[in-house]
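Colleague: Only the shape, not the letters, is given here:
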């Protein structure tokens, strides 16, 4: 089992290194390959109060990122922005799926506390949402 785990780890490390090396040649942090763009948030330069940590498990990759700054509920999208350049070689419809965890549970409001995240694609032309056959 240890050999299998080590082999999977080494293959993952090789794949990530290959993606990053290819991306750096084109000026992007990550590059889509065969219809899949894998973005490991912790593998980029983090601005401000974003920190890499490993104390809470499980997590994918070699760490996870966590915001250690002040809350910005009244000004979302103005503080703590992280930008990733992703080169898409094969145009098409992509799903953006990310892992998120509730970092702190408020006993007064346990259903939605400290788990907000946003996605913005400011330079994506013809970006829309799609659910089934409905498009926006």
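Modeller: Looks like it arrived, so ask away. If you're wondering where the values come from, they're calculated on a predicted model, not measured in any experiment.
Colleague: what's around the nearest residue to residue 32 once chain neighbours are set aside, how many residues?
Modeller: Take residue 32 and drop its neighbours on the chain: the residue closest to it by CB to CB, 6 or more residues apart in numbering is residue 88, 4.7 Å away. Any C-beta I mention is one placed from the backbone N, CA and C, and that applies to glycine too. Using other CB atoms under 10 Å, residue 88 has 14 neighbouring residues.
Colleague: now residue 79
Modeller: Neighbour tally, residue 79, other CB under 10 Å: 14.
Colleague: list the contacts for it?
Modeller: 48, 69-70, 72 (CB atoms under 8 Å, 6 or more residues apart in numbering).
Colleague: That one sits in which helix or strand?
Modeller: When elements are assigned from DSSP states H and E, residue 79 belongs to no helix and no strand.
Colleague: now swap in residue 51 and tell me
Modeller: strand 50-53.
Colleague: Run through who's touching that strand.
Modeller: 42, 46, 63-69, 80, 82.
Colleague: The residue lying closest to residue 41 once chain neighbours are set aside bridge partners, please.
Modeller: Spatial nearest neighbour of residue 41, excluding adjacent residues (CB to CB, 6+ apart): residue 65 at 5.1 Å. Listed by DSSP bridges, the beta-bridge partners for residue 65 are residue 52.
Colleague: Double-check residue 65 against residue 43; I have them as touching.
Modeller: No. Counting by CB atoms under 8 Å, residue 65 does not reach residue 43; the two are 9.8 Å apart.
Colleague: sorry, back to before: list the residues that contact the residue nearest to residue 32.
Modeller: By CB under 8 Å, 6+ apart, the neighbours of residue 88 are 32, 37, 94.
Colleague: if I look at it, how far off is residue 72?
Modeller: Residue 88 is 30 Å from residue 72, where distance means CB to CB, to the nearest Å.
Colleague: So, low pLDDT: which residues of this structure?
Modeller: 1-26, 102-103, 110-116, 123-128, 135-136 (pLDDT under 70).
Colleague: Noted, bye for now.
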